[in-house]
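K.L.:
predicted coordinates and the sequence they were generated for:
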Amino acid sequence: MASRTAPHEQHHDSAPPNGLAGEPAAGGHDRGERKAPSKLAFSNDNPPASEDEYDDESPRPPASTDLGFEAVTPGIDPRSYLAKRTTTTSGAPSVSYFSRNDVTIPSRTGLRDPLSRQTTLPYKMERRESLSEIRAANPDLSLSGNIISATFSAPHSFTYRTGGQWDLKSRRGQSALIDSFAYLSSDATPWNHTVVAWTGEVDHPSDAPLSPPETPPTTTVGASSLNPLSAPVPVDATSKPAPVQSEGLWVPKKDQERLEYELRHDKSMPTIPVWLSDEAESTPEGITLTDQTRWRRYAEHDLYTLFHYKQHEPSDGRKERVQWADYYRMNQMFANKIIEFYKPGDIVVVHDYYLMLLPSMLRQRAPGMYISFFLHSPFPSSEFLRCLPRRKEVLQGVLGSNLIGFQSYSYSRHFLSCCTRILGFPSDTLGIDAYGARVQVGVFPIGIDAAKVESFAWNDTVTEKYNTLKSMYEGKKIIVGRDRLDSVRGVAQKLQAFERFLELYPEWREKVVLIQVTTPTLVEAEKGDPQKKVSSRVNELVMKINGQYGSLGFSPVQHYPQYLSQDEYFALLRAGDIGLITSVRDGMNTTSLEYIVCQKDGHGPLILSEFSGTAGSLGDALHINPWDVSGVAEKINLALTMSDDKRMAMQGSLYSHVTSHNMQSWISKFIRKVYTVLGDSNNAIATPLCDRALMLSRYRDAKKRLFMFDYDGTLTPIVQEPSAAIPSERIIKSLRLLADDPRNLVWIISGRDQEFLKQHLGHISAMGFSAEHGSFMKNPHSDEWENLAEKLDMGWQQEVIDVFQNYTDRVQGSFIERKRCALTWHYRRADPELGEAMSRECHKELMEGVGTRWEVEVMAGKANLEVRPTFINKGEIAKRLVKTYHNPGAPADGPDAGPIEFALCMGDDFTDEDMFRSLNALSGPVLDADHVFTVTVGASTKVTLARWHLLEPEDVIESVALLAGTDDIQQVSEVNLAALSSVEGRVPGALH
Ligand SMILES: O=P(O)(O)OC[C@H]1O[C@@H](O)[C@H](O)[C@@H](O)[C@@H]1O
């Protein structure tokens with residue numbers, strides 16, 4: 001591989017921050033040159049409590065170790081703690097790497113590693129393709145070899161201590177995902193891998209500094225409350241600044257940079273942290289972290305709940321708007337961070353529902369970026385997603401991707417149907433046509449690192465604990481349950497089913513014990529009252545069952561509301577005679593996968609809820625409906641009475657599935673699919689969703705701005721009766737405000753005739769009009785209409801009318817619109833199929849007849865055919881307006897003096913492409929290309945010359961209102977510039 005230094009390293013490597021300069025990292029990590037050798041040590045000694053949540057409840061295998069930090073201070077070499085070993089499994093070299101570690105980064109003196117024992121990781125590998133093999137197989141792509149994984153929470157949680165010391169702990173949850181990051185970063189794959197992740201809520205002991213030294217008090221409080229420039233987002237007209245916080249954690253720049261440096265140089269998983277804060281909370285001296293939990297609220301309160309089919313009560317919407325604004329900005333901050341170091345050819349993989357807007361935000365900044373998205377949670381049916389007020393934005397956000405992955409087929413089907421039903425985008429089973437490109441959808445059930453689980457589950461300590469458990473419950477069958485205490489895990493349903501089982505099958509009383517471990521929820525929306533409710537229901541049921549079926553010497557339910565150590569966890573899974581998972585909605589339940597690995601000898605069947613995403617992959621488990629308690633009870637009995645042969649066969653097949661569909665194969669398949677999809681020649685580059693934040697910032701910076709708006713399908717929706725397409729109050733107000741600003745030149749460039757435009761918009765005297773596709777023009781502040789077609793021979797009109805009349809007679813509901821110059825035949829009230837067919841026929845007839853004798857153009861519009869003189873078109877008008885108004889050399893005080901510094905042109909149909917074409921040609925030679933916004937409206941499959949895309953007239957109206965500052969949007973406009981100021985950090989030349 002050609003030598004190449006990762007871009008972020010180029011920025012940051014040369015001078016290690018905070019006193020580290022001049023001390024080169026030992027064994028420096030040049031990702032472009034060659035991957036650092038795999039580390040083969042692993043610690044499972046004294047791990048954190050091994051609770052792990054995947055999307056759901058899934059206990060995490062032991063925290064891996066070694067942040068890969070090389071000695072940053074002479075004399076302390078973390079490698080001295082770590083034994084490196086290479087092992088082989090079945091002749092193939094096993095690959096080991098580290099994912100996580102608990103480490104302390106002291107303020108200045110290198111690293112202290114609390115780990116003392118290592119274990120080898122015998123990974124089962126995917127065949128390692130080399131980058132040159134991949135490139136050769138995908139000649140149409142220019143793969144850089146870099147993968148960027150964007151994930152909400154960093155693999156570590158951070159504590160910041162007085163004196164500048166950072167403590168890092170393995171974060172609970174998502175072990176399969178985090179293992180996959182470590183795998184991609186290892187030399188088991190050919191990729192250079194970087195994780196981009198939020199720091200998470202930085203913890204701090206009570207003595208940590210809460211305010212920056214010598215800083216005005218405004219920066220120590222929630223800046224959003226004081227600074228209107230720090231709150232909501234452009235697409236949200238009504239968001240209000242976030243609530244006031246009285247204090248925050250102050251982290252000086254040098255300590256921020258030191259942590260960043262260490263994480264970036266973590267060989268096992270190079271990580272670039274995203275610091276989430278409002279603009280005003282971040283100063284050159286450092287950052288104030290205030291109300292850190294706010295960044296997760298929308299995702300966990302609105303998305304998590306809805307995706308798990310839990311709808312909360314509607315509110316007045318204020319809180320949601322604030323949370324949405326935070327969600328939007330959080331996604332923006334991720335986009336900004338990625339754009340800082342992204343290089344063309346990098347593959348970006350965005351993970352989970354926290355970052356659903358990120359794909360589109362990235363696409364807006366770098367249209368050619370290779371973007372994929374993987375949803376780890378379930379995805380709801382369209383009937384449910386409809387309830388989400390921001391459903392459209394969320395779907396559009398994800399559709400910035402080239403590939404979208406789901407855990408199960410039903411989630412992908414729901415997604416496709418949402419795109420069709422909510423956005424109106426055509427879809428088939430493989431993908432969606434969106435924004436002129438194809439977005440592919442696939443199913444990639446996540447796997448676990450089975451080899452690692454196996455190696456941990458069979459160590460001596462675990463075996464000892466397993467023996468203890470077995471002897472405690474000698475003569476009894478053990479049912480194992482381990483769940484997070486939130487409402488979708490179905491713990492109450494499990495207990496009810498167990499109660500029913502004891503009732504239906506008295507022969508098993510005193511012979512079966514349910515060991516149920518519950519751990520606190522990690523999801524914001526489930527904390528507090530909801531968790532208390534579930535907890536008290538669970539306690540109630542436990543008491544009831546034990547009261548009814550227990551005795552002084554034995555309680556059939558052993559409930560442990562606590563975290564288990566990982567050894568205890570694996571011992572429990574090994575000891576189970578039945579694994580019982582009753583979740584009512586669940587993305588992918590990795591506890592069930594770990595249970596299967598722990599039951600490799602085949603004695604304990606798995607009973608699995610059909611509502612878990614895992615059910616689709618584990619066909620050999622005993623599937624149950626947790627709402628059918630008697631059915632579950634019957635399955636428990638079946639599992640206990642099943643013949644050994646049957647049980648062994650079932651478990652054997654499950655085990656081979658889990659070990660072959662493991663974490664390594666999951667991520668490898670997903671990445672392979674990304675470049676297969678990208679290599680598909682049908683995959684045109686999508687027209688990105690209009691970046692309104694950027695547009696707003698350009699608009700505000702410009703002293704002279706030109707606007708060109710099409711009318712039908714752009715400012716108003718297409719309606720059955722053309723005369724009924726009248727402008728809304730809101731758009732009139734916005735247009736008037738824009739036109740009244742002396743810096744603005746606002747034009748409507750339409751196929752409509754003068755009468756119509758005068759009637760509905762003529763009262764805005766500061767606006768210019770071009771009617772009938774450019775045949776007539778009226779300048780701002782003038783009542784005079786110029787007839788550009790005056791000298792033309794209109795003899796063609798009668799011929800066209802004759803043809804149109806013939807088709808009008810044949811197609812019921814069609815009609816002719818006669819304008820002074822152009823003629824239109826409409827079939828929008830006719831049968832659509834007949835209209836389409838006749839229109840094609842009519843088009844041909846006109847082209848072959850009148851079109852050969854006259855200088856006219858026949859244009860297929862939206863359910864219409866139009867004929868107008870060739871020399872006049874909207875593109876010519878656009879050119880003419882630029883020529884008139886763009887006067888860089890004119891005297892500053894002249895009427896049309898100065899250059900056009902911002903141009904916005906919006907249109908929806910074929911005729912508007914002429915304007916886009918003209919403006920594209922002028923962008924560069926005449927106008928500054930980065931300040932010209934050509935925006936097409938509508939049709940998701942549209943191939944357009946415009947650079948940006950908006951879905952429908954409603955979005956145009958929102959955008960115009962944003963620029964005009966109508967309603968209470970002014971405040972939002974203000975805030976956008978600050979909150980999104982870093983949009984300038986775009987990829988150079990990323991725009992067409
Ligand atoms: O150019 P616009 O504003 O999209 O209008 C296109 C056509 O839209 C139709 O709805 C009108 O009836 C036509 O008269 C018009 O030419």
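P.N.:
In hand now; what should we look at?

K.L.:
near the ligand, which residues of this protein?
P.N.:
710-713, 722, 750-752, 817, 824, 861, 866, 909, 911 (C-beta under 6 Å from any ligand atom). Using the backbone N, CA and C atoms, a C-beta is placed for each residue, glycine as well.

K.L.:
ok, of these, which one's closest to D955?
P.N.:
G713 (12.2 Å; C-beta to C-beta).

K.L.:
pretty sure the closest one contacts G938?
P.N.:
Yes: judged on C-beta atoms under 8 Å, G713 makes contact with G938 at a distance of 6.2 Å.

K.L.:
anything in contact with each of these two?
P.N.:
Taking C-beta atoms under 8 Å, 6 or more residues apart in numbering as the contact rule, G713 and G938 both touch D908.

K.L.:
T420: neighbour count?
P.N.:
16 (other C-beta atoms under 10 Å).

K.L.:
could you dump the residues of the chain next to the ligand to JSON lines with secondary structure and neighbour count?
P.N.:
JSON lines is the format used below for the residues of the chain next to the ligand (DSSP: H, G, I helix; E, B strand; the rest coil; neighbours: other C-beta atoms under 10 Å):
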{"residue": "D710", "secondary structure": "coil", "neighbour count": "24"}
{"residue": "Y711", "secondary structure": "coil", "neighbour count": "23"}
{"residue": "D712", "secondary structure": "strand", "neighbour count": "23"}
{"residue": "G713", "secondary structure": "coil", "neighbour count": "21"}
{"residue": "P722", "secondary structure": "helix", "neighbour count": "16"}
{"residue": "S750", "secondary structure": "coil", "neighbour count": "25"}
{"residue": "G751", "secondary structure": "coil", "neighbour count": "27"}
{"residue": "R752", "secondary structure": "coil", "neighbour count": "27"}
{"residue": "E817", "secondary structure": "strand", "neighbour count": "18"}
{"residue": "T824", "secondary structure": "strand", "neighbour count": "23"}
{"residue": "G861", "secondary structure": "coil", "neighbour count": "20"}
{"residue": "E866", "secondary structure": "strand", "neighbour count": "23"}
{"residue": "D909", "secondary structure": "coil", "neighbour count": "23"}
{"residue": "T911", "secondary structure": "helix", "neighbour count": "23"}
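
K.L.:
and those residues as a markdown table, adding pLDDT?
P.N.:
Output for these, formatted as a markdown table (pLDDT from 0 to 100):
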| residue | pLDDT |
| --- | --- |
| D710 | 97 |
| Y711 | 97 |
| D712 | 94 |
| G713 | 93 |
| P722 | 85 |
| S750 | 96 |
| G751 | 94 |
| R752 | 95 |
| E817 | 94 |
| T824 | 96 |
| G861 | 86 |
| E866 | 94 |
| D909 | 88 |
| T911 | 89 |
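
K.L.:
max pairwise distance over these: which two?
P.N.:
Longest span within these, C-beta to C-beta: D710 and E817, 16.7 Å.

K.L.:
and the residue of this structure closest to the ligand?
P.N.:
As assessed by C-beta to the nearest ligand atom, the ligand sits closest to G751 within the chain, at 2.2 Å.

K.L.:
contacting residues for the spatially closest residue to that residue that is not a sequence neighbour?
P.N.:
Computed as C-beta to C-beta, 6 or more residues apart in numbering, the closest residue to G751 that is not its neighbour in sequence is H773, at 5.0 Å. Going by C-beta under 8 Å, 6+ apart, H773 touches S750, G751, A822, E866, R868, I872, N873, K874, T911.

K.L.:
between those residues, which is closest to D740?
P.N.:
S750 (20.8 Å).

K.L.:
and the closest one, how far from E772?
P.N.:
Distance, S750 to E772, using C-beta to C-beta, to the nearest Å: 8 Å.

K.L.:
swap in H843?
P.N.:
Taken as C-beta to C-beta, the span from H843 to E772 is 19 Å.

K.L.:
between the two, which is the more surrounded one?
P.N.:
E772 (26 against 17).

K.L.:
and the more buried one, what's its pLDDT?
P.N.:
Per-residue confidence (pLDDT) for E772: 94.

K.L.:
tell me the phi and psi of G345?
P.N.:
When read as degrees, to the nearest 10, the backbone of G345 gives phi 100, psi -10.

K.L.:
which residue sits closest to it, ignoring its sequence neighbours?
P.N.:
S144 (3.2 Å).

K.L.:
any idea of the mean pLDDT in stretch 280-297?
P.N.:
Here the average pLDDT along stretch 280-297 is 87.

K.L.:
what about that stretch, start to end distance?
P.N.:
One end of stretch 280-297 to the other measures 21 Å (C-alpha to C-alpha, to the nearest Å).

K.L.:
that one: how far from the chain's middle?
P.N.:
Centroid separation for stretch 280-297 versus its chain: 22 Å, with C-alpha atoms, centre = their mean, to the nearest Å.

K.L.:
buried stuff in it?
P.N.:
Along stretch 280-297, these residues count as buried under the neighbour rule (16 or more other C-beta atoms under 10 Å): 280-282, 285-292, 294-297.

K.L.:
kindly report the same for stretch 712-731.
P.N.:
Those would be D712, G713, T714, L715, T716, I718, P722, A725, P727, R730, I731, for stretch 712-731 by 16+ other C-beta under 10 Å.

K.L.:
residues in contact with that stretch?
P.N.:
So stretch 712-731 is contacted by 709, 711, 735, 748, 750-752, 756, 760-761, 817, 826, 828-829, 862-863, 906-909, 912, 937-938, 952-954, 956-957, 960-961, 966-967 (C-beta under 8 Å, 6+ apart).

K.L.:
write the ChimeraX selection for whichever of the residues you listed are buried.
P.N.:
Remark: buried members of those, expressed as a ChimeraX selection using 16+ other C-beta under 10 Å:
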select :709,711,735,748,750,751,752,756,760,761,817,826,828,863,906,907,908,909,912,937,938,952,953,956,957,960,961,966
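
K.L.:
immediately after the lowest-mean-pLDDT helix or strand in the chain, which helix or strand?
P.N.:
Within the chain, no helix or strand scores below helix 223-226, which has a mean of 25 by mean pLDDT, DSSP states H and E. Counting by DSSP states H and E, the element after helix 223-226 in chain order, helix or strand, is strand 248-252.

K.L.:
average model confidence for that following strand?
P.N.:
For strand 248-252, the per-residue pLDDT averages 88.

K.L.:
quickly find the element holding I515.
P.N.:
strand 512-519.

K.L.:
tell me what that strand is packed against?
P.N.:
Helices and strands touching strand 512-519, by 3 or more C-beta pairs under 8 Å, 6 or more residues apart in numbering; DSSP states H and E, are strand 477-484, helix 491-504, helix 529-549, strand 557-561, helix 566-575.

K.L.:
what does it rub up against?
P.N.:
51, 57, 473, 476-485, 491, 494-495, 498, 501-502, 535, 538, 542, 554-564, 569, 572, 576, 580, 636, 640.

K.L.:
just the CA trace of that strand, in CSV.
P.N.:
Extracted C-alpha coordinates of strand 512-519, given in CSV (Å, rounded to 0.1, in the frame of the first residue of the first chain):
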residue,chain,number,x,y,z
VAL,A,512,-37.1,-25.7,38.3
VAL,A,513,-35.5,-22.4,39.3
LEU,A,514,-35.6,-19.2,37.3
ILE,A,515,-32.5,-17.1,37.9
GLN,A,516,-33.3,-13.7,36.7
VAL,A,517,-30.7,-10.9,36.7
THR,A,518,-31.9,-7.4,35.9
THR,A,519,-29.7,-4.4,35.4
